[in-house]
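> Sequence first, then the predicted structure:
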Amino acid sequence: MIEVQNLSKNYGPFQALNDISFRVDKGQIVGFLGPNGAGKTTTMRVLTCFMPASSGKVTVAGYDVFKESREVRKRIGYLPENIPLYTEMTVTKYLSYMAKIRNVPRPQINERLDTAIESCGLIERRNQIIGQLSRGFRQRVGLAQALVHDPEVLILDEPTSGLDPRQIVEIRELIKALGKERTILFSTHILTEASQTCERLLIISKGKITGDVQLSNGRAVSSVTPIEEESKAPSKSLTLVVTGGQPDKIMDVLTNIPDIISVEQSIIDNVDETLTFHIQSTPTDDIRAAVAKTIVEHEWNLLEMRTDEKSLEELFLSLTSETAE
């Protein structure tokens, strides 16, 4: 649905985007994350035909944003960071005006207005002047104007910026609901927001894509960088605490379990004679049952077994650090 190939953008001597490439498939909700000044807004402005690129190719719904920008704009709903609202208008009149600008056929305008207003939770505010609305409801009006022409793709730039915690939750749930029928790319630098909304994250830093992270239940299950093949996390890490055996014997036995790559002993507590081991295993299989069975068969005492996971915060920091390149 969105395909970016070798996209670069220069502002004079400053390179805002440096040869980035990525793809967003139909029906995906993808978070576009990066530090302030990383290139998120510039990328979105190119995708929405707001500004030209210096080089590269971008297509949306099969149309080239540089050669067929009119067709692209028909298929995109754009919510910029600073929403272009006419605060002296009522919600309904503003959305009607936006529908006409977007060339919605006149017989369909009322239907499209009702759908956008209902989708964005604005039914009780439809006749209110926009200037009298709270920031959260203005954000909803901004989303409604992006939806009024029924686009296939939504591009949202910092949609929860400046909102209070309750408003953030409301907008997040709204985005998830809209994503059931549309492709959504939205930028943010709030990891919690992205992890609870998206199935995939694109990480950008200093104008370069540094990571493509797949999520499941808010956790990173795989990460791809531009210079490596995909890996479902290079290995799984397991911490094991046992008593009742000799360290060398335990290490030998654990090493022989299928799918275990390595075993390292890290701690010996001489007070209660506990032994702690760190196990690295292949990413494809869950070895916990096999490890527990082996410990029991050798009549050792299994006190603790936990999976060690890299947090999303740690992953983000590693992909946006000075050494990430």
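That came in fine, so what should we check first?
> which SS state does the closest residue to Gly121 other than its chain neighbours fall under?
Spatial nearest neighbour of Gly121, excluding adjacent residues (C-beta to C-beta, 6 or more residues apart in numbering): Arg140 at 6.1 Å. C-beta coordinates here come from the backbone N, C-alpha and C atoms, glycine included. Secondary structure, DSSP: H, G, I helix; E, B strand; the rest coil: Arg140 is helix.
> Arg140: neighbour count?
When neighbours are counted by other C-beta atoms under 10 Å, Arg140 registers 25.
> wait, doesn't it sit right on Ile123?
No - between Arg140 and Ile123 there is no contact under C-beta atoms under 8 Å: 10.9 Å.
> if we can go back for a sec, can you read off the pLDDT for the residue nearest to Gly121?
Looking at Arg140, its pLDDT is 90.
> Who are the contact partners of it?
Neighbour list for Arg140: 120-122, 171, 174 [criterion: C-beta atoms under 8 Å, 6 or more residues apart in numbering].
> Give me the subset of those residues lying in strands.
Judged by DSSP state E, strands contain none of these.
> Of those residues, which pair is most distant in space?
Between any two of the contacts of Arg140, the greatest separation by C-beta to C-beta is 12.7 Å, found for Leu122 and Ile171.
> where in this protein is pLDDT low?
The chain contains residues with pLDDT under 70 at 221-223, 225-235, 267-272, 283-284, 309-310, 322-325.
> Would you state the helices of it in chain order?
Taking DSSP state H as the test, the helices found in the chain are 40-47, 69-74, 91-101, 109-119, 135-147, 165-178, 191-197, 247-255, 288-297, 312-320.
> In a markdown table: those helices, plus distance to Pro13.
Below are these laid out as a markdown table (distance: least, C-beta to C-beta, whole Å):
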| stretch | distance to Pro13 |
| --- | --- |
| helix 40-47 | 15 |
| helix 69-74 | 27 |
| helix 91-101 | 36 |
| helix 109-119 | 42 |
| helix 135-147 | 34 |
| helix 165-178 | 37 |
| helix 191-197 | 32 |
| helix 247-255 | 55 |
| helix 288-297 | 54 |
| helix 312-320 | 23 |
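> So which of these is nearest Leu7?
Nearest to Leu7 among the helices of the chain is helix 40-47; the distance by C-beta to C-beta comes to 6.6 Å.
> so what does that closest one touch, helix or strand wise?
Packing partners of helix 40-47 (3 or more C-beta pairs under 8 Å, 6 or more residues apart in numbering; DSSP states H and E): strand 2-11, strand 14-24, strand 29-33, strand 55-60, strand 153-157, strand 183-188.
> would you put the C-alpha positions of that helix in PDB?
Below are the C-alpha coordinates for helix 40-47, written out as PDB (Å, rounded to 0.1, in the frame of the first residue of the first chain):
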ATOM      1  CA  LYS A  40       9.500  11.500  10.800                       C
ATOM      2  CA  THR A  41       7.600  14.600   9.700                       C
ATOM      3  CA  THR A  42       9.700  15.100   6.600                       C
ATOM      4  CA  THR A  43       9.000  11.600   5.500                       C
ATOM      5  CA  MET A  44       5.200  12.100   6.000                       C
ATOM      6  CA  ARG A  45       5.200  15.300   4.100                       C
ATOM      7  CA  VAL A  46       6.800  13.600   1.100                       C
ATOM      8  CA  LEU A  47       4.300  10.700   1.400                       C
END
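> Compute the distance from the centre of stretch 148-157 to the centre of its chain.
Its chain's C-alpha centre and that of stretch 148-157 lie 17 Å apart, by C-alpha atoms, centre = their mean, to the nearest Å.
> Contacts only, for the residue nearest to Lys57 when sequence neighbours are not counted.
Excluding its sequence neighbours, the residue lying closest to Lys57 (C-beta to C-beta, 6+ apart) is Gln5, at 4.5 Å. By C-beta under 8 Å, 6+ apart, Gln5 lies in contact with 21, 56-58.
> try Glu313
By C-beta under 8 Å, 6+ apart, the contact list for Glu313 reads Leu191.
> distance of it from Thr320?
The spacing between Glu313 and Thr320, counted by C-beta to C-beta, to the nearest Å, is 11 Å.
> So which of the contacts of Arg140 wins on neighbours?
Highest count within the contacts of Arg140 by other C-beta under 10 Å belongs to Cys120, 26 neighbours.
> Would you mind measuring from it to Val241?
Look at Cys120 and Val241: by C-beta to C-beta, they are 51 Å apart.
> do the same with Glu111
Glu111 sits 63 Å away from Val241, going by C-beta to C-beta.
> So which of the two has more stuff around it?
Taking neighbours as other C-beta under 10 Å, Glu111 and Val241 compare with Val241 leading, 16 against 12.
> I'd guessed that one sits against Ile279; true?
No - using C-beta under 8 Å, Val241 is not in contact with Ile279; the gap is 11.7 Å.
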